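**Q** Sequence and computational prediction follow.
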Amino acid sequence: MTAGDIFFLIVHWLHVVAAAAWVGGSLFYLLALRPAARRQPEAAGLVRSAVGTEFRILVDASIIVLVVTGAVIAFNRLTNEAATPAYGITLGLKVALSLWTFMQVWAERRKLGSIAPYRGPERAAPTGWRRLGEVFSGYNGVIVVGIVVFLLSDLMKFLYEKALV
């Protein structure tokens, strides 16, 4: 194993860890912390605020790591003969969805920051179409797209390795 191989192994590992931390943390928030906060509304505000502050730092660090390592990985793969048009198209879709996700996070932060002083008590859980709309919007949409980006990453790995054979 050469020094270059070790470098790209570390870059790829950092990329995967950053993505897993962000998407995994988001899933934890959605599936564990938020339901628990609904059951204990008297403590929910303090816990959400504390967790939100810490998670924001994790997300910001993840975005930086993902952009830097993603650029290195993309340059390395696209300059290789094994980079097929299908790989390039999948990479383009992954980059577009990732950029949309980053912008969605920043838009949600601005929106929440501007309405925080006017927030009232938590409302009842939505039902029907409204519930479906909430699943695919805001931070929930970021999680869904994050999972799709993971799928695209596996597809890219498959396409790249198949072209090497």
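**A** Good, I have the coordinates.

**Q** Excluding chain neighbours, give the residue nearest to the residue nearest to the spatial centre of the chain in space.
**A** Centroid-nearest residue in the chain, with C-alpha atoms, centre = their mean: G146, separated by 4.2 Å. Counting by C-beta to C-beta, 6 or more residues apart in numbering, G146 lies nearest to V23, which is 4.1 Å off, once chain neighbours are set aside. Quick note: C-beta positions are derived from backbone N, CA and C, even for glycine.

**Q** Which pLDDT value does the model give that neighbour?
**A** On the pLDDT scale, V23 is placed at 91.

**Q** Name all residues that make contact with it.
**A** I143, G146, I147, F150 (C-beta atoms under 8 Å, 6 or more residues apart in numbering).

**Q** how much space between it and F158?
**A** 19 Å (C-beta to C-beta, to the nearest Å).

**Q** Tell me which stretches of the protein form helices.
**A** Assigned by DSSP state H, the chain shows helices spanning 3-28, 34-39, 41-78, 85-115, 128-135, 138-164.
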